[in-house]
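**Q** Please work out how this folds:
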Amino acid sequence: MVKDVDCISKAILNYFDNNISEHINREAKEFILEKDSLSKYDLMRCNYKIKKLENRNQLDIVNFGFVYLYTLSKILNSNLVFGEDLVTVKKVFFETRDAVLDYLKMSIDEEALRDKLDLALSSLGLSSEAIDKIKALSI
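**A** Numbers count the residues shown, from 1 in each chain. Here you go, the predicted structure:
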């Protein structure tokens with residue numbers, strides 16, 4: 001479990017206060033769906049699933065996952081967390097990334113994705129303010 005919960009929440013809020021782009025959803029999507037990290041077939045499945053969700057206006061959970069992952073990556077790259085917190089954030093980043101990509105590759109359903117995102121959020125112990133900020137930016 002994370003020792004300094006406030007450290008991670010403060011890092012997230014600090015990042016949002018100083019670095020938010022109006023195109024964060026697009027930037028986050030491009031970052032997560034980096035072509036070098038996925039096979040051609042997996043990238044096609046992910047893009048198909050996104051289009052399918054866009055047509056049904058059901059991209060909220062995916063956008064939340066994208067923004068959450070993008071934010072965690074920026075915090076990791078900015079060296080804002082250390083020690084045990086750093087290990088926890090890295091672990092949560094990779095678990096969450098795998099969950100979002102598994103959902104987009106149609107390996108898991110939406111309920112499983114929600115469960116995995118809930119687990120990731122709870123394991124970091126983020127403040128409600130930090131979670132609300134991520135939700136607001138993922139709309």
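**Q** going forward, measure contacts between C-alpha atoms and count neighbours the same way
**A** OK.
**Q** What average pLDDT does stretch 81-91 get?
**A** Mean pLDDT, stretch 81-91: 90.
**Q** Tell me the buried residues in that stretch?
**A** Using 16 or more other C-alpha atoms under 10 Å as the test for burial, stretch 81-91 gives 81, 85-86, 88-89.
**Q** farthest pair in these?
**A** 81 and 88 (9.7 Å; C-alpha to C-alpha).
**Q** Just the buried positions in the helix or strand of the chain with the lowest mean pLDDT, please.
**A** Least confident helix or strand, the chain: helix 5-19 with a mean of 76, by mean pLDDT, DSSP states H and E. For helix 5-19, the buried set under the neighbour-count rule, 16+ other C-alpha under 10 Å, comprises 8-13, 15-16.
**Q** if we take those, which one ends up nearest to residue 106?
**A** Closest approach between those and residue 106, by C-alpha to C-alpha: residue 12, at 29.4 Å.
**Q** which ones are touching that closest one?
**A** Residue 12 sits next to 71-72, 75, 130 when contact means C-alpha atoms under 8 Å, 6 or more residues apart in numbering.
**Q** ok, and the most crowded of those residues?
**A** Scoring the contacts of residue 12 on neighbours with other C-alpha atoms under 10 Å, the highest-scoring entry is residue 71 at 23 neighbours.
**Q** and the gap between it and residue 133?
**A** 11 Å (C-alpha to C-alpha, to the nearest Å).
**Q** can you check residue 28 too?
**A** 15 Å.
**Q** These two - which one has more neighbours?
**A** Comparing residue 28 with residue 133 by other C-alpha under 10 Å, the one with more neighbours is residue 28, at 22 against 15.
**Q** can you dump the C-alpha coordinates of the host helix or strand of that one into PDB?
**A** Secondary-structure assignment from DSSP states H and E places residue 28 in helix 24-32. The C-alpha trace of helix 24-32 is given here as PDB (Å, rounded to 0.1, in the frame of the first residue of the first chain):
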ATOM      1  CA  ILE A  24      -5.500  15.900 -23.600                       C
ATOM      2  CA  ASN A  25      -7.900  13.200 -24.800                       C
ATOM      3  CA  ARG A  26      -6.300  13.000 -28.200                       C
ATOM      4  CA  GLU A  27      -2.800  13.200 -26.800                       C
ATOM      5  CA  ALA A  28      -3.600  10.500 -24.200                       C
ATOM      6  CA  LYS A  29      -5.100   8.200 -26.900                       C
ATOM      7  CA  GLU A  30      -2.100   8.600 -29.200                       C
ATOM      8  CA  PHE A  31       0.200   7.900 -26.300                       C
ATOM      9  CA  ILE A  32      -1.500   4.700 -25.100                       C
END
